[in-house]
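Asks: I would like the atomic coordinates for the input below:
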Amino acid sequence: MSKKMLTYLIMLAVGFTFLILAIILDLPEKVKWLFLGIAVVLNVTSAIAAMKIGLREMKPTK
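Replies: Prediction:
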């Protein structure tokens, strides 16, 4: 596994953790929205980057 892919998987795990914390914990409204915003940014960024890496690896070599 490449170092970039490992970084994106860690970002995905951290984003998922922020999402779970925002949903489960009884936090103030501003903190809850901050956690949700961080979760969305991390999850979307890591998912798009991981898809790009996967597509690049699936591309046939000439």
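Asks: pLDDT below threshold where in the chain?
Replies: Under the criterion of pLDDT under 70, the regions of the chain flagged as low confidence span 1, 62.
Asks: Which helix or which strand is home to residue 9?
Replies: Secondary structure assigned from DSSP states H and E places residue 9 in helix 3-24.
Asks: same question, residue 55
Replies: Applying DSSP H and E, one finds residue 55 within helix 29-58.
Asks: Let me see the residues that make contact with the helix holding residue 9.
Replies: Applying Cβ atoms under 8 Å, 6 or more residues apart in numbering, the contact partners of helix 3-24 are 27, 32, 35-36, 38-43, 45-47, 49-50, 53. Just so you know, the C-beta spots here come from the backbone N, C-alpha and C atoms, and that holds for glycine as well.
Asks: cool, and stretch 34-43?
Replies: The set of residues external to stretch 34-43 that reach it, using Cβ under 8 Å, 6+ apart, is 11-12, 14-16, 18-19, 21-22, 27.
Asks: Tabulate those residues in a markdown table, adding columns for neighbour count.
Replies: Output for the contacts of stretch 34-43, formatted as a markdown table (neighbours: other Cβ atoms under 10 Å):
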| residue | neighbour count |
| --- | --- |
| 11 | 18 |
| 12 | 18 |
| 14 | 15 |
| 15 | 21 |
| 16 | 14 |
| 18 | 20 |
| 19 | 17 |
| 21 | 16 |
| 22 | 18 |
| 27 | 14 |
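Asks: Using TSV, lay out the residues you listed together with distance to residue 57.
Replies: Written out in TSV, the entries for these read as follows (distance: Cβ to Cβ, whole Å):
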residue	distance to residue 57
11	19
12	18
14	24
15	23
16	23
18	28
19	27
21	33
22	33
27	39
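Asks: one step back: can I get the helix holding residue 9 in CSV? Just the C-alpha atoms.
Replies: Once non-C-alpha atoms are left out, helix 3-24 reads as follows in CSV (Å, rounded to 0.1, in the frame of the first residue of the first chain):
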residue,chain,number,x,y,z
LYS,A,3,2.1,6.1,1.6
LYS,A,4,-0.5,8.4,0.0
MET,A,5,-3.2,5.7,0.3
LEU,A,6,-2.4,5.1,3.9
THR,A,7,-2.7,8.8,4.6
TYR,A,8,-6.1,8.9,2.9
LEU,A,9,-7.3,5.9,4.9
ILE,A,10,-6.2,7.7,8.1
MET,A,11,-8.1,10.8,7.0
LEU,A,12,-11.2,8.7,6.4
ALA,A,13,-10.9,7.1,9.9
VAL,A,14,-10.5,10.5,11.5
GLY,A,15,-13.4,12.0,9.6
PHE,A,16,-15.6,9.0,10.5
THR,A,17,-14.6,9.5,14.2
PHE,A,18,-15.6,13.2,14.1
LEU,A,19,-18.9,12.2,12.5
ILE,A,20,-19.7,9.6,15.2
LEU,A,21,-18.7,12.0,18.0
ALA,A,22,-20.9,14.7,16.5
ILE,A,23,-23.9,12.4,16.4
ILE,A,24,-23.5,10.5,19.7
